[in-house]
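**Student:** structure, please.
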Amino acid sequence: MTEEAATAALFKVYEIVARGIDLKGNYKRLVRIWAYARLSTDVAEKYNQVHKLDRIAEPVRKRHAPRIEENSALHMAVQEILSFLEDEQIQRIGVWGTVGTGKTTIMQNLNNHEQIAKMFDIVIWVTVSKEWSIEKLQDAIMRRLKLDMERFADIEENARRISEELKEKKYLVLLDEVQENIDLNAVMGIPNNQDSKVVLASRNRCVCYEMEADELINVKRLSPADAWNMFQEKVGHPISSPLIKPIAEQVVKECDGLPLLIDRIGEPLERRERCFSLEDGLNRLRRWESVKTEGMDEVLDFLKFCYEELDGNKKDCFLYGALYPEECEIYIDYLLECWNAEGLIHDADELVDNTNVFRDARDKGHAILDALIDVSLLERSDKKKCVKMNKVLRKMALQISSQSNGSKFLVKPCEGLQDFPDRKEWEDASRISLMGNQLCTLPEFLHCHNLSTLLLQMNNGLIAIPEFFFESMCSLRVLDLHGTGIESLPSSISNLICLRGLYLNSCPHLIQLPPNMRALEQLEVLDIRGTKLNLLQIGSLIWLKCLRISLSSFFRGIRTQRQLGSISAFVSLEEFCVDDDLSEQCWDEFLMIVMEEVVTLKKLTSLGFASYIWKKNSCFTFQFCVGYQGNTYSQILESSDYPSYNCLKLVNGEGMHPVIAEVLRVTHAFKLINHKGVSTLSDFGVDNMENMLVCSVEGCNEIRTIVCGDRMASSVLENLEVLHVNSVLKLRSIWQGSIPNGSLAQLTTLTLTKCPELKKIFSNGMIQQLPELQHLRVEECNRIEEIIMESENLELEVNALPRLKTLVLIDLPKLRSIWVDDSLEWPSLQRIQISTCHMLKRLPFNNTNALKLRFIEGQQSWWEALVWEDDALKQNLHSICILS
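**Tutor:** Numbering: from 1, shown residues only. Here you go, the predicted model:
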């Protein structure tokens, strides 16, 4: 073939490309033509250009992705990631959660989302294997980019080639199943491109932190409604039939909101039509420890993989959580004490300075707890001071313990048991949990030499313990009898020579202890709140490290000051908590004596007490409650929602005591409840609140404004992050007067609830001082007409509230507007929730503001009554609505 003919053939190929026909079918034919041609350099160059067209990577490779319901939790997670991807300040996003919660499903749907193809030139998906290496990741990325892997190229060279290829591109890297920190700079040389992003999915929150994620999304279990919808979608046939639906609902309940489990369990059921198949599936699911269930093995393998990666003591701490009922909220401090008593917190005693061993163990316990939460084997409950274990993980933990030679569990909490289990069930057990049952009697003798934990709490009908019941429990370390009806303990308790934690709280009939309690020389934690015991009865246990007692225990049965028990004798105490279960008049005369003894405890690191006494230069954390708030001893612990903070709670008090000001100066979390004699928080001295991070005001019906700014020259509350105001009936404003620059500069959360006289939220100049406000909630404030009052904000800049992400407005009958028009940018707003605000007829949005808004939650009737000037805007916003 002549050169002219070859050139003609080349141009023909170009024409094919121009018409949009795939090159691949014509490429081989062109090569055959070329083989017979003697090409000039110019023509060869044109050939190389055609060859290059064949290796251009397509922008997005669609992945098989399970369909997710619109407005479901998984759908919301995808929408939230999309909003982060649009933010120029965010480069990396971490998606984390326990195995089976749907992280991969989220990533797959994100990859396939139509907006992604518009936002990025190329999307690179990499599933990170357990045996990952930089070379393997580079290989996957270079294949995606259609770069030839040079046989002898080193890591640095490959990273340079990847970086060079992506230099001019706007790219998105999706990393699924990341199990440890990956240095992306070493892998791909990460070019300095602000428009390119990385989204990684991991079951370990710490990995997200280590990879410098700017934003984290915690993927939690599905709500019951979302789980049901997913199961319906998966199974396909009409499970809403009256015959089938009750069983199907139980199947979904057993899956405990884990999408992976719903998918795997639903798969075999999808192929069966009859009701008994579902019933059989349910029975197998409930007994999956001993019965093979289709779909469960894969889930179990995933979960066991998470467990097997834990260090030895973390494994034991995780398994311990299975002793509590399904979805039980476990008090964190209590759980850490049990771990420590069991010896599961290693090296707690190995201190250079042996002063605060117990506090050190608690700190180490928190580190273990955080590690278990980070890998999603435990999860925090809505109460910050509690954790819980999901149903499926608990079943796995019980299965593992049943297969262990050295750690057999007998676990039957809250099962309505009236009789103690048979001997064959308990004789080899190392831990027994029978809490929350209806036991009235116990065996005369329990032969359990290996038993280390016995949990019998909340058996209300249990009024007596047999005399020799504890005779052979010489290894017992944790004994919990709280919430039972016992009147005394048997003398055999002296055999518990290894006991380290004893919980007798909320036993209102307990009046006496045996005289041989001195034998419990290892006892560290004792809780006798809500009993009829007095301090003298435990006076021999001077080695205690943590003591919880009711105030009445100091004075019960005491007629003279000389008979008063001595707290100062407990020289090893590190944590001391006193419940104020008496009226102030009963204990006033003894209070000074008690507190003078308390301040002599040199090892004390944590004190919870109702008092007006403050020890200067103290280095311990505290949780003070001043004033009487009714009986609180029914709870195991009353530790604050902010456990690492110094906390002060004033309840039913009056006026301002000088010592309170001194305590406020070192207080991080301040709660004021039903206080009289003050009209503003400023009455406590705003200069005393510079360390305050959290403030909650409740009741306090004489307060008319939270802060009075008159005559203030410098900033105040500059470190406050959270402000909650609830049921302050005469509150008129949050801030009155001038607002010095820097005031409220760190405030991220503002909640206003049940303030019927409140009309003004943001007074003149206040919004300008809230650059960090992210969450605003206003609820049941009947006189609120405008969220941002026009009369107070005449010169408001368009970028006001630049960080506001969520806006919740509930039951505001007079609310007419959020802002007078649509001039504000709302640059960070992602979610608004509006309920029972029937007079709100307009939203402050247009087609160019609130670009990150992803969810509008409200009632269908409210939405239909809204007034619109732009039908296109209504359509756009309706697509992100969740209406009820």
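
**Student:** next one: phi and psi at the most centrally placed residue in the chain?
**Tutor:** In the chain, the residue lying closest to the centroid (Cα atoms, centre = their mean) is Arg380, at 4.7 Å. When read as degrees, to the nearest 10, the backbone of Arg380 gives phi -70, psi 140.

**Student:** then Glu165?
**Tutor:** phi -70, psi -30.

**Student:** how many other residues sit next to it?
**Tutor:** Counted by other Cβ atoms under 10 Å, the residues lying close to Glu165 total 20. For glycine as for every other residue, the C-beta is placed from the backbone atoms N, C-alpha and C.

**Student:** I figured it hits Leu145, correct?
**Tutor:** Yes. Counting by Cβ atoms under 8 Å, Glu165 touches Leu145, with 5.2 Å between them.

**Student:** so how many other residues sit close to Thr836?
**Tutor:** Thr836 has 16 neighbouring residues, counting by other Cβ under 10 Å.

**Student:** swap that for Ala800, please
**Tutor:** By other Cβ under 10 Å, the residues close to Ala800 number 21.

**Student:** for it, give its distance to Leu770.
**Tutor:** Remark: distance between Ala800 and Leu770 (Cβ to Cβ, to the nearest Å) = 8 Å.

**Student:** likewise for Leu544?
**Tutor:** From Leu544 across to Leu770, the span is 47 Å (Cβ to Cβ).

**Student:** one more: Lys136?
**Tutor:** Counting by Cβ to Cβ, the gap from Lys136 to Leu770 is 48 Å.

**Student:** what bridges to the residue nearest to the centre of the chain?
**Tutor:** Taking DSSP bridges as the rule, Arg380 bridges to Val387.

**Student:** what's the helix or strand Pro246 falls within packed up against?
**Tutor:** Element membership of Pro246, judged by DSSP states H and E, is helix 245-255. Judged by 3 or more Cβ pairs under 8 Å, 6 or more residues apart in numbering; DSSP states H and E, the packing partners of helix 245-255 are helix 224-235, helix 259-270, helix 275-286.

**Student:** ok, His75 - contacts?
**Tutor:** His75 sits next to 68-69, 109 when contact means Cβ atoms under 8 Å, 6 or more residues apart in numbering.

**Student:** grab the nearest non-local neighbour of Trp228.
**Tutor:** Of all residues not flanking Trp228 in the chain, Val252 sits nearest, at 5.4 Å (Cβ to Cβ, 6 or more residues apart in numbering).

**Student:** what's the burial count for the one you found?
**Tutor:** Val252 has 25 neighbouring residues, counting by other Cβ under 10 Å.

**Student:** my read: the residue nearest to the centre of the chain touches Val387, true?
**Tutor:** Yes. With contact defined as Cβ under 8 Å, Arg380 reaches Val387; the gap is 5.7 Å.

**Student:** shared neighbours of these two, anything?
**Tutor:** Jointly contacting Arg380 and Val387 under the rule Cβ under 8 Å, 6+ apart are Ile373.

**Student:** returning to what we had before: weed out the non-buried ones from the contacts of His75.
**Tutor:** In those, burial by neighbour count holds for 68, 109, counting by 16 or more other Cβ atoms under 10 Å.

**Student:** pLDDT check: weakest of the contacts of His75?
**Tutor:** Minimum pLDDT for the contacts of His75 is recorded at Glu69 (79).

**Student:** surely that one is within a helix?
**Tutor:** No. Counting by DSSP: H, G, I helix; E, B strand; the rest coil, Glu69 falls outside a helix, being coil.

**Student:** apart from its neighbours in sequence, what residue is nearest it?
**Tutor:** Spatial nearest neighbour of Glu69, excluding adjacent residues (Cβ to Cβ, 6+ apart): Asn229 at 5.0 Å.
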